[in-house]
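[1] Compute the structure for the input listed below.
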Amino acid sequence: MSHTSRRRFIGQSALAAASFFIVPRHVLGKGYTAPSDQFTLGFIGTGKQARGLLNQFRKQPVRILSGSDVDATKLQLFKNLAEKAYADFPGVKPSSGFKTFADYRELLADPGIDGVIIATPDHWHAYQAVKAAEAKKHIYLEKPLTRTVAEGRAVVKAVQKNKVVLQTGSMQRSWANFRKACELVRNGYIGQIKEVLVHVGDPAIKCDLGEETKPAHLDWEGWVGPAEFHPFHSELSPPVEKDVFPNWRKYREYAGGILSDWGAHMFDIAQWGLGMDESGPVQFQPPADPKAVRGLSMTYANGVVMKHEEFGKGFGVRFIGEKGRIDIARNYFDSDPVNISSATILAGETRLYASDDHYADWLNACKNGTLPICHAEVGHRSNSVCALANIAYQLNRPLTWNPEKEKFKGDKEANALLLPNYRADWKL
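    I've put the predicted structure just below:
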């Protein structure tokens with residue numbers, strides 16, 4: 001285990017033995033407010049993803065007190081759902097009602113909020129996370145951590161400087177099958193790793209949508225924020241009646257394509273299995289066809305090659321070693337030879353940070369001042385793979401990357417794309 005991994009493992013062992021635990025509300029009885037129930041949360045962004053997170057955090061011993069959104073209808077729906085979620089627990093329901101804010105800065109200014117869940121479009125992640133850290137709020141930040149590499153490093157620095165706890169929403173790290181697959185890889189069950197295939201979606205494209213009439217309930221200038229301006233289109237911010245994940249994630253002005261959207265999950269698992277949580281590839285080789293949306297090769301300093309490539313299954317990761325392979329995803333976990341995936345990790349072998357609940361893990365880390373399973377540096381490094389892959393596809397030429405300096409070698413154009421293209425008057 002690396003020094004960092006040992007430190008994290010020891011920290012978790014100490015946490016398990018500590019006298020303080022977050023006790024699920026249902027254990028304490030209906031209507032009972034435990035001391036640990038005093039951890040208070042506000043949501044920044046209240047769309048479809050936030051509504052899913054509401055269902056997760058309502059199971060935890062917290063009080064969800066407020067939300068902010070530039071879309072008044074989404075905010076009202078979220079308020080209704082949040083108040084309904086606490087209907088069965090009158091002892092923890094906010095006596096003054098659920099607070100709503102059109103401006104997230106007003107939510108951050110509330111001294112009664114301990115932590116925030118940020119579930120806004122990707123182009124807002126860095127700016128809001130840095131402001132939350134400066135407001136001394138703990139942060140659950142949806143994946144991908146940020147849109148660009150420079151923004152990711154800014155978030156890491158802000159979290160460290162302000163001594164707050166950030167959990168990246170790459171929740172697959174808290175799923176047992178993904179952890180076991182990575183432990184099998186780390187312990188050499190398929191021999192020395194030669195290649196990793198990561199099957200996720202397409203890289204980002206330039207926004208080519210037209211303009212539609214903006215609904216009165218939406219502050220479009222507030223939605224765009226620091227990003228490059230594009231007129232309103234419902235594909236970017238669909239009405240609440242259309243219960244879908246918005247397509248802003250496809251466009252490089254606001255996100256990193258499905259390559260980043262799902263890559264923040266699957267490249268994250270690849271990095272974990274390879275032991276590269278604090279590093280990344282050093283060479284990027286795009287496919288020969290400039291129009292190709294698969295085929296990018298990324299090589300690590302140790303010679304392992306990772307490819308953005310399909311392998312005949314749904315989105316997932318394939319680890320290929322000298323003695324076999326392991327395939328892992330949300331809906332499959334198998335191997336060749338077949339007995340590898342069912343093998344038991346033996347005593348004395350490398351074990352990875354075990355978190356069976358991504359949300360409770362963050363809350364425990366907030367209470368105890370420890371690092372959660374997918375803390376800011378981990379989220380930044382996994383997201384960097386996605387952001388760098390997008391740059392390689394966009395420029396369509398080989399790139400040499402220095403993971404320590406976080407710069408490309410001898411390529412000003414590529415290095416410029418590491419920075420966000422903020423509009424005038426916006427600075428991070």
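
[2] that's a helix at Ala354, yeah?
    No: per DSSP: H, G, I helix; E, B strand; the rest coil, Ala354 lies outside any helix segment and is coil.

[3] Could you say whether Phe78 sits in a helix, a strand or coil?
    Here Phe78 is recorded as helix under three-state DSSP.

[4] residue contacts, Thr146?
    By C-beta atoms under 8 Å, 6 or more residues apart in numbering, the contact set of Thr146 is 122, 125-126, 129, 152, 154-155, 380, 383, 387. For glycine as for every other residue, the C-beta is placed from the backbone atoms N, C-alpha and C.

[5] Make CSV from those residues and add distance to Ser234 and pLDDT to it.
    Shown next, in CSV, are the contacts of Thr146 (distance: C-beta to C-beta, whole Å; pLDDT from 0 to 100):
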residue, distance to Ser234, pLDDT
Asp122, 18, 98
His125, 22, 98
Ala126, 25, 98
Ala129, 27, 98
Gly152, 30, 98
Ala154, 31, 98
Val155, 30, 98
His380, 32, 98
Asn383, 27, 98
Ala387, 27, 98
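
[6] Which two among those are spaced furthest apart?
    Greatest spatial distance among the contacts of Thr146 (C-beta to C-beta): Ala129 and Ala387, at 15.6 Å.

[7] Next one: Ala87 relative to Phe98, how far apart?
    Distance from Ala87 to Phe98, counting by C-beta to C-beta, to the nearest Å: 12 Å.

[8] More neighbours: these two, which one.
    Phe98 (21 against 8; other C-beta atoms under 10 Å).

[9] what about the more buried one, distance to Thr46?
    Distance, Phe98 to Thr46, by C-beta to C-beta: 11 Å.

[10] shared neighbours of these two, which are they?
    Common neighbours of Phe98 and Thr46 (C-beta under 8 Å, 6+ apart) are Gly67.

[11] all strands for the stretch 1-150 of the chain, in order.
    Under the criterion DSSP state E, counting those that start in this stretch, strands of the stretch 1-150 of the chain are mapped to 40-44, 63-68, 99-101, 115-118, 138-141.

[12] Burial check on Pro286, number of neighbours?
    For Pro286, the count of nearby residues is 22 (other C-beta under 10 Å).

[13] so what's it scoring on pLDDT?
    Looking at Pro286, its pLDDT stands at 98.

[14] Quickly note the distance from it to Gly201.
    Counting by C-beta to C-beta, the gap from Pro286 to Gly201 is 17 Å.

[15] out of Ala129 and Ala387, which sits in the busier spot?
    Set Ala129 next to Ala387 and count neighbours by other C-beta under 10 Å: Ala129 wins out with 30 against 26.

[16] Next one: that one from Gln271, what distance?
    20 Å.

[17] Roughly how far does Glu106 sit from Val116?
    Applying C-beta to C-beta to Glu106 and Val116 gives a distance of 12 Å.

[18] In this structure Leu418 contacts Val149, no?
    Yes: contact criterion C-beta atoms under 8 Å: Leu418 and Val149 qualify, at 4.5 Å.

[19] So between these two, which is more surrounded?
    Between Leu418 and Val149, Val149 has the larger neighbour count (other C-beta under 10 Å), namely 27 against 19.

[20] dump the residue contacts of the more buried one.
    384, 387-388, 406, 418.

[21] Report the two of the residues you listed separated the most.
    Farthest-apart pair in the contacts of Val149 is Ala387 and Glu406; separation 10.6 Å (C-beta to C-beta).

[22] Now for the two: what residues contact both?
    If you check Ala387 and Glu406 against C-beta under 8 Å, 6+ apart, the residues they both contact are 149, 418.

[23] which stretch of helix or strand covers Arg318?
    Using DSSP states H and E, Arg318 sits in strand 316-321.

[24] Can you tell me the strand partners of that strand and which way each runs?
    Using DSSP bridges, strand 316-321 pairs in its sheet with strand 193-199 (antiparallel), strand 324-328 (antiparallel).

[25] buried residues in the last one?
    Under the neighbour-count criterion of 16 or more other C-beta atoms under 10 Å, strand 324-328 has 324-328 buried.

[26] Which single one of the residues you listed is nearest to Thr40?
    Using C-beta to C-beta, the buried residues of strand 324-328 come closest to Thr40 at Ile328, 36.2 Å.

[27] thought the closest one was touching Ala176?
    No: at 11.2 Å, Ile328 does not count as touching Ala176 under the criterion of C-beta under 8 Å.

[28] Kindly provide the distance from Met266 to Gly312.
    15 Å.

[29] between the two, which one's more packed in?
    For the pair Met266 and Gly312, the greater number of neighbours falls to Met266 (28 against 8), based on other C-beta under 10 Å.

[30] quick one: average pLDDT of the helix or strand hosting the more buried one?
    In the assignment (DSSP H and E), Met266 maps to helix 257-274. Averaging pLDDT along helix 257-274 gives 98.

[31] Need the per-residue pLDDT for Ala85.
    Ala85 carries a pLDDT value of 83.

[32] which non-adjacent residue is nearest it?
    Leaving aside its chain neighbours, Ala85 sits nearest to Arg58 (4.3 Å; criterion: C-beta to C-beta, 6 or more residues apart in numbering).

[33] so the one you found sits right up against Lys84, yeah?
    No: using C-beta under 8 Å as the test, Arg58 is too far from Lys84 to be in contact (9.6 Å).

[34] Between the two, which is the more surrounded one?
    Between Arg58 and Lys84, counted using other C-beta under 10 Å, Arg58 has the larger neighbour count: 17 against 10.

[35] Low-confidence bits of the chain, can you list those?
    For the chain, applying pLDDT under 70 flags the ranges 1-37, 88-96.

[36] State the distance from the residue positioned nearest the centre of it to Ala264.
    The residue lying closest to the centre of the chain (C-alpha atoms, centre = their mean) is Lys143, at 2.2 Å. According to C-beta to C-beta, Lys143 stands 4 Å off from Ala264.

[37] overlap in contacts of these two?
    Counting by C-beta under 8 Å, 6+ apart, the common neighbours of Lys143 and Ala264 are 168, 170, 379, 383.

[38] Which single one of these is nearest to Leu346?
    Ser170 (27.6 Å).

[39] neighbours of the closest one, just the number please.
    So Ser170, with other C-beta under 10 Å, has 26 neighbours.

[40] Just list the residues touching it, thanks.
    Contacts of Ser170 by C-beta under 8 Å, 6+ apart are 143, 264-265, 268, 374, 378-379, 382.

[41] Next, give me the two most distant ones among those residues.
    Farthest pair in the contacts of Ser170, by C-beta to C-beta: His265 and Val378, 12.7 Å.

[42] neighbour count winner among those two?
    Per other C-beta under 10 Å, whichever of His265 and Val378 has more neighbours is Val378, with 27 against 24.
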